[in-house]
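In: What follows is a predicted protein model with its sequence.
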Amino acid sequence: MPVFTLRPFAELRPDELYEILQLRSEVFVVEQNCVYQDMDNKDLKAWHLMGREDGKLVVYTRLLAPGISYEQASIGRVVSSPSVRGRGLGRLLMEESIRQLYTLMGQQEIRIGAQLYLKDFYSSLGFIPDGDVYLEDGIEHITMYKP
């Protein structure tokens with residue numbers, strides 16, 4: 001089970017920021033073979049939820065207040081290390097992300113831009129598709145929301 005830590009950007013230690021960017025790059029750039037600008041200035045306004053096992057960052061999300069990515073609050077950059085997949089840590093990460101977002105910002109609608117292949121996963125967490133499939137950085141996505 002991962003141990004979760006939540007920090008605003010200004011309180012991230014340099015080694016934590018390095019780990020976050022390394023994990024995001026490993027999955028979103030290398031594994032998914034997607035060249036894109038990961039650092040989009042939203043990190044500066046985000047809360048960063050890190051899940052570690054044996055001191056190693058294995059799961060991560062960023063939590064965004066309304067008005068940053070969407071009119072609603074948002075969870076983004078959802079990522080699990082390939083080394084821990086298949087153990088249900090993605091579900092634990094999203095459940096903790098939702099819980100932390102509600103604690104920080106109050107219970108409200110959450111909107112996400114989900115990779116299409118994960119639509120059923122997010123639906124199982126109460127997210128509802130909203131709109132058409134769209135391409136983002138060459139990968140099919142769909143907007144979803146949790147009322």
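Out: Sure thing, it's come through. Being a predicted model, the structure only gives us computed values, none of them experimental. Numbering: from 1, shown residues only.
In: Okay, strands next: where are they in the chain?
Out: Ranges of strands in the chain, per DSSP state E, are 3-8, 47-53, 56-64, 73-80, 110-115, 128-129, 134-136, 139-146.
In: Which residues are in contact with Q115?
Out: Residues near Q115 by C-beta atoms under 8 Å, 6 or more residues apart in numbering: 139-141. The C-beta positions use only the backbone N, C-alpha and C, and glycine is treated the same way.
In: for V30, that is, sorry about that
Out: Contacts of V30 by C-beta under 8 Å, 6+ apart: none found.
In: Alpha carbons only: can I get stretch 41-52 in CSV?
Out: What follows is stretch 41-52, C-alpha atoms only, in CSV (Å, rounded to 0.1, in the frame of the first residue of the first chain):
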residue,chain,number,x,y,z
ASN,A,41,2.5,26.1,-15.7
LYS,A,42,-0.5,24.4,-14.1
ASP,A,43,1.9,22.6,-11.7
LEU,A,44,2.7,25.9,-10.1
LYS,A,45,-1.0,26.2,-9.0
ALA,A,46,-1.6,22.5,-8.2
TRP,A,47,-1.6,20.3,-5.1
HIS,A,48,0.6,17.3,-5.8
LEU,A,49,-0.4,13.9,-4.4
MET,A,50,2.5,11.5,-4.3
GLY,A,51,2.2,7.8,-3.4
ARG,A,52,5.4,6.0,-2.3
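In: circling back: can you pick the most crowded of the contacts of Q115?
Out: In terms of neighbours by other C-beta atoms under 10 Å, those top out with H141 at 19 neighbours.
In: quick one: that one and L135 touch, right?
Out: Yes. Contact between H141 and L135 holds when scored by C-beta atoms under 8 Å: they sit 7.3 Å apart.
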